[in-house]
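Visitor: here is the input, now give the coordinates:
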Amino acid sequence: MSFTLQKKIGLKKDLLKSLYSINGVVSVTLVGSFWRGKTLNNFGDIDIVLILNKINKKKYDQCINKIKSIKLKNYGLGHLYLTVNSTFGPLKFNTENNIVFHIMIYDINGHILHTIKSPFTCYDWERSPDYKGKSLKEIFPVGKIQLKDFFLSRRGINHYIENLKNNFIFYQKYQNKKNIFYLQKKKYKIDENHKLEFSYHLCKYSIINLFKFEKQKNKIPNKLEFKLMMKKIFKTNYLYYYKNYLLLEKIKKKNVTKDNNFSFNFIKNFTKYFLSFLNQFKKKEVIFLRHGRTKLNDESFLGTGRNPGILINNNIKKKIRLLVNKKDILLFSSNLKRSLQTAELINSKIRINKTNLLNEKNYGLAESLKYNDLKKEYPKIIKDWQNKKDARFPKGENDSDVLKRIKKFKKLLILKIKNKKYKKIYLVVTHNVVLRCLIGYNFNIPKFMWTNINIEHLKAINFIYFGNMLVPNLNREDFFKKLIK
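Guide: Coordinates of the predicted model:
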């Protein structure tokens, strides 16, 4: 009995059903090329992402044992040995005589953290239609591919270069010590074959991720689109880079042995050109900023009903003036005093474009109340929040109302940018909830989680403008760390 397409479909259904039956499993997703590819032999790892409510040694062993209990002969794979790889990272355990089930097990917080640190990987996973329970996007989405992701994230270009330069890779593995179950970071030395494989992945996924970034869509380029991307980046040197990439692809697929003419200098030059191409996207920068602190930032609801000024001292002045080059900016602010004063400190000689679209959330009758007061006077609001509803404040706004305003402002800002081509920096001074709505919407984060997006006073929130779009360009960890409970 051989492995057929029908057997593959059967394996898929059985895995989803079996793993999802484990108590505490929230989501099972089958990811990777094995499930998408048409090849029925010479395949790589069988990748599975498993999300649990909570993880411990007992639950972990239960998941691993489910995989180990698979009867390969039922799927025409009885001639192979089953190997389980439960590490996190690019380690490979394939031989000619085994089949590797690469199972990646997270709890919900672990998945959120992985999405923040490895957006490229998780964005790929989100495309999988083969899941049971909640989709990965539903638990916590990547949202957008950003320019900064190429530099800051795992599987970003810096990550690959570090591995190639130092001849090692990092991976993670669960450890259990004194009844504490945790992930430990480990190091693995790589040889020339690993370096060739890493070089291939660096080239391939740099181009694919750049395509996703430019399109702002989770879409893989076809062969022609891939080729056109390389032409755009490497211009007159395109053929040299494309041929070397195809050579690496053949080596990776073991269609040819290592070519003695292949040089790792190719990777250095590839990276140099690629990074140079990325720099063009920084030409038009938009900085959103939460106003300076006021004496009424005391955990009470501070919206439009009160209008305090900011607490000004020399440190605040210095911090504000270091934010931007003061000479070539277009400045926007809400109509509220705390926002206008912050804008004036940036540059008192520049005209401030004022708009109520940037005003803080209107808390209506709840203005000045603290959470416990709100709970006593308006318990329905708290109940709605607990049920993940977007409650409207009495005679005030909800997040959807604020979002409508910021979306309208974004459209007006894009028109301004198109009409004022000489400006380099656009600076927008606004408020906490406005910025939470802006970021939450741009990253497709569920509304009930927006309240935990971390917005510090005077912390620059960077966006960039290209292709008639305003695209976020921020450090995910700075803003999403409070989402991990």
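
Visitor: wasn't Pro221 part of a helix?
Guide: No - according to DSSP: H, G, I helix; E, B strand; the rest coil, Pro221 belongs to no helix; its state is coil.

Visitor: mind listing what it touches?
Guide: Contacts of Pro221 were listed using C-beta atoms under 8 Å, 6 or more residues apart in numbering, and they are 207-208, 211, 229. Backbone N, C-alpha and C define where each C-beta goes, glycine included.

Visitor: okay, those residues in a markdown table with distance to Ile320 and pLDDT next?
Guide: Supplementary listing: the contacts of Pro221 in a markdown table, determined by distance: C-beta to C-beta, whole Å; pLDDT from 0 to 100:
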| residue | distance to Ile320 | pLDDT |
| --- | --- | --- |
| Ile207 | 40 | 96 |
| Ile208 | 40 | 96 |
| Phe211 | 38 | 97 |
| Met229 | 40 | 96 |
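
Visitor: widest-spaced pair of the residues you listed?
Guide: Using C-beta to C-beta, the two most remote members of the contacts of Pro221 are Ile208 and Met229, lying 8.5 Å apart.

Visitor: most neighbours of all the contacts of Pro221, which one?
Guide: In terms of neighbours by other C-beta atoms under 10 Å, the contacts of Pro221 top out with Ile207 at 21 neighbours.

Visitor: in TSV, list the contacts of Pro221 along with secondary structure and distance to Lys178.
Guide: Formatted as TSV, the contacts of Pro221 follow (DSSP: H, G, I helix; E, B strand; the rest coil; distance: C-beta to C-beta, whole Å):
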residue	secondary structure	distance to Lys178
Ile207	helix	46
Ile208	helix	43
Phe211	helix	47
Met229	helix	50
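
Visitor: I'd like the residues you listed laid out as JSON lines, including distance to Arg351.
Guide: Formatted as JSON lines, the contacts of Pro221 follow (distance: C-beta to C-beta, whole Å):
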{"residue": "Ile207", "distance to Arg351": "43"}
{"residue": "Ile208", "distance to Arg351": "44"}
{"residue": "Phe211", "distance to Arg351": "40"}
{"residue": "Met229", "distance to Arg351": "41"}
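
Visitor: closest to Gly78 among those?
Guide: The closest of the contacts of Pro221 to Gly78 turns out to be Ile208 (C-beta to C-beta; 35.8 Å).

Visitor: any idea how far that closest one lies from Asn372?
Guide: Separation of Ile208 from Asn372 (C-beta to C-beta, to the nearest Å): 50 Å.

Visitor: and this protein, what are its domain boundaries?
Guide: In terms of domains, the chain is parsed into 1-143, 144-172+181-282, 283-483 (source: automatic domain parsing).

Visitor: end-to-end on the longest one?
Guide: The distance separating the two terminal residues of domain 283-483, taken as C-alpha to C-alpha, to the nearest Å, comes to 31 Å.

Visitor: and if you look at the second one?
Guide: With C-alpha to C-alpha applied, domain 144-172+181-282 spans 17 Å between its terminal residues.

Visitor: with stretch 360-377 instead?
Guide: 22 Å.

Visitor: which residues touch that stretch?
Guide: Outside stretch 360-377, the residues that touch it by C-beta under 8 Å, 6+ apart are 299-306, 334, 336, 378, 381-382, 393-397, 399, 401-402, 430-434.

Visitor: buried residues, it. List them.
Guide: Using 16 or more other C-beta atoms under 10 Å as the test for burial, stretch 360-377 gives 360-364, 366-367, 369, 374.

Visitor: report how many residues lie close to Lys408.
Guide: Neighbourhood size, Lys408 [other C-beta under 10 Å]: 12.

Visitor: next up, the contacts around it.
Guide: Counting by C-beta under 8 Å, 6+ apart, Lys408 touches Leu357.

Visitor: Gly143 versus that one, what's the distance?
Guide: Per C-beta to C-beta, Lys408 is found 21 Å from Gly143.

Visitor: what's around the nearest residue to Ser86 once chain neighbours are set aside, how many residues?
Guide: Leaving aside its sequence neighbours, Ser86 sits nearest to Ile103 (C-beta to C-beta, 6 or more residues apart in numbering; 5.5 Å). If you count neighbours by other C-beta under 10 Å, Ile103 ends up with 23.

Visitor: helix or strand for Ile103, which one?
Guide: In this assignment (DSSP states H and E), Ile103 forms part of strand 98-107.

Visitor: do a quick rundown of the helices in the stretch 51-200 of the chain.
Guide: 57-68, 108-117, 119-126, 136-139, 149-152, 157-166, 192-215 (DSSP state H, counting those that start in this stretch).

Visitor: what does Tyr465 show for phi and psi?
Guide: Here is the backbone geometry of Tyr465 (degrees, to the nearest 10): phi -110, psi 130.

Visitor: quick check: it touching Ile414?
Guide: Yes - counting by C-beta atoms under 8 Å, Ile414 is a contact partner of Tyr465 at 7.1 Å.

Visitor: among the two, which residue is more densely surrounded?
Guide: Taking neighbours as other C-beta under 10 Å, Tyr465 and Ile414 compare with Tyr465 leading, 18 against 15.

Visitor: is that one bridged to anything, and to what?
Guide: Per DSSP bridges, the residues bridged to Tyr465 are Leu470.

Visitor: so who does it touch?
Guide: Remark: with contacts taken as C-beta under 8 Å, 6+ apart, Tyr465 is in contact with 284-286, 414, 417, 426, 471.

Visitor: also Val25?
Guide: Per C-beta under 8 Å, 6+ apart, neighbours of Val25: 19, 50-52, 63, 133.

Visitor: re earlier: how much space separates the residue nearest to Ser86 from Ser18?
Guide: Ile103 is 12 Å from Ser18, by C-beta to C-beta.

Visitor: please apply the same query to Phe211.
Guide: 36 Å.

Visitor: check Lys223 too.
Guide: Distance, Lys223 to Ser18, using C-beta to C-beta: 37 Å.

Visitor: next one: Thr342
Guide: Thr342 is 56 Å from Ser18, where distance means C-beta to C-beta.

Visitor: between these two, which is the more surrounded one?
Guide: Thr342 (25 against 15).

Visitor: so for that one, what's the pLDDT?
Guide: On the pLDDT scale, Thr342 is placed at 94.

Visitor: same thing with the one 10 residues further on?
Guide: For Ile352, the pLDDT comes out at 94.

Visitor: and it, how far from Leu296?
Guide: According to C-beta to C-beta, Ile352 stands 22 Å off from Leu296.

Visitor: who has more neighbours, the two?
Guide: Comparing Ile352 with Leu296 by other C-beta under 10 Å, the one with more neighbours is Ile352, at 18 against 15.

Visitor: how many residues are close by the residue nearest to Ala460 when sequence neighbours are not counted?
Guide: Nearest non-adjacent residue to Ala460, counting by C-beta to C-beta, 6+ apart: Ile287, 5.1 Å away. Ile287 is flanked by 17 other residues according to other C-beta under 10 Å.

Visitor: show me what Ile287 is bridged to.
Guide: According to DSSP bridges, the residues that bridge with Ile287 are Leu427, Asn462.

Visitor: mind listing what's buried along stretch 63-81?
Guide: For stretch 63-81, the neighbour count (16+ other C-beta under 10 Å) marks 63-64, 66-67, 70, 75-77, 80 as buried.

Visitor: what mean pLDDT does that stretch have?
Guide: For stretch 63-81, the per-residue pLDDT averages 93.
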